[in-house]
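A structural model of the following input is requested.
(chains A and B)
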Amino acid sequence: MTAPVPAGERTTPPGARAAGRWSALLRSRSGAAGLALSSLVVVATLVSFAWTPYDPSRVSPRESWAPMSWEHWFGADRLGRDLLSLVLAGARATLLVSAAATVVAAVTGTLLGAAAAITPRWVRAPAGHAVDALIAFPTLLLAMVLVAVYGAGTETAVLAIGLGEGFFVARVMRAEMARVLAADYVLAARAGGASTWRIFHEHVLPGVLPTLTVLLSLVMAVAVLAEAALSYLGYGVPSGTPTWGRMLHDLQAQITVRPLVLVWPGVAIVATVLGFNLLGDGLREAGDPRVRRS
Amino acid sequence: MTLLEIEDLTVRFGAGPGAPAPVVDRVGFSLGAGERLGLIGESGSGKSLTALAIAGLLPPGATATGSVRLSVPLNAGIRRVRPVPIGPQELLGQRERILAGLRGDVIGFVFQEPLTALNPMMRVGAQIGEPLRIHRGHSRRAARAAAVELAARVGLPDPERIVRAYPHQLSGGQRQRVGIAVALACRPALIIADEPTTALDVTVQAEILRLLSGLVHEEGSALLFISHDLAVVAQTCERVAVMRGGRILEEGPTLDVLRDPREPYTGELVAAARATAWTGVRQEIGP
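Numbering: from 1, shown residues only, chains lettered A, B, ... in the order given. From the prediction side, this is the model:
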């Protein structure tokens, strides 16, 4: 049917849709809070590139365990390094590793999940078993294998965490995609002549996106902690680089003597994790027309 | 001209000696261009699977044997994105690419439950325009413009606004109008409607039925109308086939079958229909 565009007919301008999403995100309470919190973390990280109160690696034995003061807002550690500077500088590696690992997990999880849910049976069945086997493979062991092959480093940490979490994401994605594929509207789309590829990107991906968003915000949170664990074992970020995980590890012996020093990296982790979780929740709400407040 | 010819269509789940009895058993009927055939039977009689088998949409695990021949008409002046072979051809065992090219273009489907048959995350207009994007290569903009026209044709109020709505914002009757618009988008030669009014309340049922009948008539499409409701079929179709247990018990002009059923089962159906909505139906079918 060749339908001429009726005069005066205005289709939605390209910007309006995106603007609708943004205002929907801001209207949802968790979206607004998450956006505020995660922006704060991102801004603090960006600031650390240009400015920190002290050089985070400046050692000053005289100021060992200096208490909170105007000179050292968060106090100082055993070597007299300024804790505020360390927390700010630590955000860089922590955010980089967790964000990159989340991207790796998203890509791995979606591709593997799709391979195990949508492809012809001779691909689908082995892919499904592979996902089941891989999910049982501990992230730590994966990290050790990768370290043995590529050596320790930031990339190794990203890959190990990203892949490990990616298998978990794949398991959920497989089930979610199978749920969407069984829906009547997918049959209706096939009855309309849609190809498998079209069904995948027009129906399946949008259908699993809400779940994926929430899942990835969890993965991001886990990645912050996993980075700490890997750094602790010496598999992650090089030892000179401050990270929140390493700070927690270095300071944990002080918990009974100076509990306050542990609060700062802890608060930073909580703020980041909470921020991204709330943001994920808000994005899910904003992306779903059925729960969006308009 | 015969548009669709089905012979010995058998659908079964599983294969081998231990497999259960076929759910569709040696079904055969034919449908001329512009003709309307009602396929009637209780749930589990195999009528929906017959419809799905025609378009190669059987669920995984089900296999079809026999013959489904469709005469693909040459629609002059229509640009097909995926070229399909013209003329009579066997659909069973046909490659998926070709079947996908026919579905939505030559064969339009209307489903039973309009709420679940529409994607809740997609605007109504995008769904109406999807077959045009697939088969006619319409741009997003052109498909949306066509969707507004189609929405108007199926009697949706304020089509410009309604194409931007999501399915959950519409009433059941409006959703089924959307479903009909999707099926009609590419002006298919054959429309298969699987219980299109079952999920609606009675007043809306009559409206949708009238709409579907009218549009099929205007378009000159053939209609395969599947229902468990004899009264509904009698209003819509000039011929009727009665199915039970996967077989066609009898087939003929609707009036003959209703007035003089050869099978006791058809007699029961007629009696049941008479007991419920018969008075209205008699006026509808006329002499």
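
So which residues of the stretch 51-200 of chain A form helices?
For the stretch 51-200 of chain A, applying DSSP state H, counting those that start in this stretch gives helices covering A:83-117, A:121-135, A:139-150, A:154-181, A:184-191, A:196-199.

pLDDT below threshold where in chain B?
B:76-77, B:276-287 (pLDDT under 70).

closest one to B:Arg274 among the helices of the stretch 51-200 of chain A?
With CB to CB as the measure, helix A:184-191 is the member of those nearest B:Arg274 (33.1 Å). No exception for glycine: its C-beta is placed from N, CA and C like everyone else's.

circling back: can you tell me which of the helices of the stretch 51-200 of chain A has the worst average pLDDT?
Ranked by mean pLDDT, the helices of the stretch 51-200 of chain A bottom out at helix A:139-150, with a mean of 86.

Give the buried residues for it.
Using 16 or more other CB atoms under 10 Å in any protein chain shown as the test for burial, helix A:139-150 gives A:139, A:142-144, A:146-147.

same check, this time on stretch B:93-100
In stretch B:93-100, counting by 16+ other CB under 10 Å, buried: B:94, B:98-100.

Centroid-nearest residue for chain B?
Centrality entry for chain B: nearest residue to the mean C-alpha point is B:Ile192, 1.6 Å, by CA atoms, centre = their mean.

which of the buried residues of helix A:139-150 sit farthest apart?
A:Thr139 and A:Val147 (12.3 Å).

overlap in contacts of these two?
Shared contacts of A:Thr139 and A:Val147, defined by CB atoms under 8 Å, 6 or more residues apart in numbering or on different chains, comprise A:Ala160.

what's the burial count for B:Ala15?
As a burial measure, B:Ala15 scores 9 neighbours (other CB atoms under 10 Å in any protein chain shown).

Of all residues in chain B, which one is closest to chain A?
B:Gly104 (3.4 Å; CB to the nearest CB).

Near that residue, how many other residues are there?
Residues near B:Gly104, counting by other CB under 10 Å: 27.

swap in the one 4 residues further on?
Neighbours of B:Gly108 under the rule other CB under 10 Å: 29.

cool, A:Arg21 as well?
Counted with other CB under 10 Å, the neighbours of A:Arg21 add up to 14.

Then A:Pro259?
Neighbour tally, A:Pro259, other CB under 10 Å: 11.

now it: how far from chain B?
Distance of A:Pro259 to chain B, given as CB to the nearest CB, to the nearest Å: 48 Å.

So for that residue, what pLDDT did the model give?
86.

which ones are touching the closest residue to B:Val163 other than its chain neighbours?
Leaving aside its sequence neighbours, B:Val163 sits nearest to B:Gly125 (CB to CB, 6 or more residues apart in numbering or on different chains; 2.9 Å). For B:Gly125, the contact set (CB under 8 Å, 6+ apart) comprises B:143-144, B:147-148, B:151, B:162-164.

SS state for B:Gly125?
Following DSSP: H, G, I helix; E, B strand; the rest coil, B:Gly125 is assigned to helix.

Which pair of the buried residues of stretch B:93-100 spans the longest distance?
Top of the distance list for the buried residues of stretch B:93-100 (CB to CB): B:Gln94 and B:Ala100, 10.1 Å.

Residue numbers of the stretch 151-294 of chain A in contact with chain B?
Listed as neighbours of chain B in the stretch 151-294 of chain A under the rule CB under 8 Å from any CB of the partner chain: A:183-185, A:187-195, A:198, A:202-203, A:206-207, A:288-290.

same thing but 10 Å
When proximity is defined as CB under 10 Å from any CB of the partner chain, the stretch 151-294 of chain A approaches chain B at A:180, A:182-196, A:198, A:202-203, A:206-207, A:209-210, A:287-290, A:292.

Just the buried subset of the residues you listed, please.
For those, a neighbour count by 16+ other CB under 10 Å gives the buried set as A:180, A:183-195, A:198, A:202-203, A:206-207, A:209-210, A:287-289, A:292.

part of a strand, is B:Arg69?
Yes - using three-state DSSP, the assignment for B:Arg69 is a strand.

Checking B:Leu9 next. Helix, strand or coil?
Assignment for B:Leu9 (three-state DSSP): strand.

So in terms of bridging, what pairs with it?
B:Val27 (DSSP bridges).

quick one: it and B:Leu49 touch, right?
Yes - look at B:Leu9 against B:Leu49 with CB atoms under 10 Å: they come within range, at 9.5 Å.

so what's in contact with these two at the same time?
B:22, B:24, B:27, B:64, B:246 (CB atoms under 10 Å, 6 or more residues apart in numbering or on different chains).

so who does B:Leu39 touch?
Counted by CB under 10 Å, 6+ apart, B:Leu39 has contacts B:27, B:29, B:45-48, B:50-51, B:192-194, B:224-228, B:233, B:237, B:239-243, B:248, B:251.

If we use 7 Å, what do you get?
B:47, B:50, B:224-226, B:241, B:243 (CB atoms under 7 Å, 6 or more residues apart in numbering or on different chains).

which non-adjacent residue is nearest residue 111?
No chain specified, so I'll use chain A. A:Ala170 (8.0 Å).

That was the other one, I meant chain B.
B:Ala117 (3.9 Å).

Could you tell me how many residues sit around the one you found?
By other CB under 10 Å, neighbour count at B:Ala117 equals 27.

Quick check, it in contact with A:Ala189.
No - at 9.3 Å, B:Ala117 does not count as touching A:Ala189 under the criterion of CB atoms under 7 Å.

so for stretch A:56-67, what's the average pLDDT?
What stretch A:56-67 shows for mean pLDDT is 86.

got a list of contacts for stretch A:120-133?
By CB under 7 Å, 6+ apart, stretch A:120-133 touches A:112, A:115-117, A:119, A:167, A:170-171, A:174.
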